[in-house]
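Undergrad: Take this sequence and fold it.
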Amino acid sequence: MPRPLCLIIGHGPGLGAAYAQCFMEAGHDLALLSRSGARSEGRAQPGATVSALACDAADPTVLTQALDDATRDHGPPDVLIYNADLAMFGTLDDLDENQFEQSWRVGTLGLYTVARTLGCKMAARGSGTIIVSGATAALRGRDWTTAFAPTKAAQRVLAQSLAKQLGPKGVHVAYILIDGVIDTADTRSDFAKGKPDDFFIQPDRIAATALMLARQDRSAWTFEIDLRPFGETW
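TA: Below you'll find the model as predicted:
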């Protein structure tokens, strides 16, 4: 029996790698798309097929071709995870129009391209799950999220629109609102340097939530779920 396919857009160290490991261990083949085209560095599972492709999520033509290549042998994925982001932080004085647009192109236009390319095919099949990695910035802006917050807000509303369009056709669209700093080597050494372990949200726990969403019965689907460390103020 063929293994289901999990396609991850925005694979990389941290959350992308956690998604890949979690779904591979759950019995999925993997198609990993990222700017670098890096393969998963996790523990390989017997019988699992893993492919990796380089693409720019901000370029609809390039992204569409990569999606076609990734699904050529599998057909539409059973689970599609949109994890692509451009962490473009700064104030009005820090960012220009090109940086603002690039943030939106990666976070929102890329999701739209994915939905246009594969969401409709999943709907024609009558099944599938689309999971979007979100952020608290989708709900409020701060001085240093001048580009990031509008991108995530637009992404969240787009995901909601997709859920209302594709849900009745059998495709579960879910948005994970991540309220916290994800535990990675970069965050440990950068702006969260010196923070205790309890400060961080663990990427493998986010991935476990995504797997739960992908397994939900269609009689009780979740659209939005928020995740945060127990000590996070909100």
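
Undergrad: Only C-alpha atoms from now on, for both contacts and neighbour counts.
TA: Will do.

Undergrad: which secondary structure element contains Thr61?
TA: helix 60-71 (DSSP states H and E).

Undergrad: Tell me the buried residues in that helix?
TA: 60, 63-64, 66-67, 70 (16 or more other Cα atoms under 10 Å).

Undergrad: Which secondary structure element is home to the nearest residue in space to Ala52 that is not next to it in sequence?
TA: Leaving out its chain neighbours, the residue that sits closest to Ala52 by Cα to Cα, 6 or more residues apart in numbering is Leu32, at 4.6 Å. Following DSSP H and E, one finds Leu32 within strand 29-34.

Undergrad: Quick one: mean pLDDT for that strand?
TA: For strand 29-34, mean pLDDT is 94.

Undergrad: what's the angle from that strand to helix 60-71?
TA: Counting by axes from the mean of the first three to the mean of the last three Cα atoms, to 10 degrees, strand 29-34 lies at 160 degrees to helix 60-71.

Undergrad: the helices in the protein, which residues?
TA: Here the chain has its helices, by DSSP state H, at 15-25, 60-71, 97-104, 110-114, 120-125, 148-166, 185-189, 203-214.

Undergrad: Please identify the buried residues of stretch 186-206?
TA: 187-188, 192, 199-204, 206.

Undergrad: and those as CSV, adding pLDDT and distance to Asp56?
TA: Listed next are those as CSV, based on pLDDT from 0 to 100; distance: Cα to Cα, whole Å:
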residue, pLDDT, distance to Asp56
Thr187, 82, 23
Arg188, 81, 27
Ala192, 75, 28
Phe199, 87, 32
Phe200, 89, 29
Ile201, 94, 27
Gln202, 95, 26
Pro203, 95, 23
Asp204, 96, 25
Ile206, 97, 24
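
Undergrad: What is the nearest of the residues you listed to Leu158?
TA: The closest of those to Leu158 turns out to be Ile206 (Cα to Cα; 21.1 Å).

Undergrad: what's the burial count for Pro2?
TA: 10 (other Cα atoms under 10 Å).

Undergrad: Make 766 the first number, not 1, from now on.
TA: Yes, from this point I'll number from 766; that puts the last item at Pro767.

Undergrad: mind listing what it touches?
TA: For Pro767, the contact set (Cα atoms under 8 Å, 6 or more residues apart in numbering) is empty.

Undergrad: where's it relative to Ala889, distance?
TA: Pro767 is 20 Å from Ala889, where distance means Cα to Cα, to the nearest Å.
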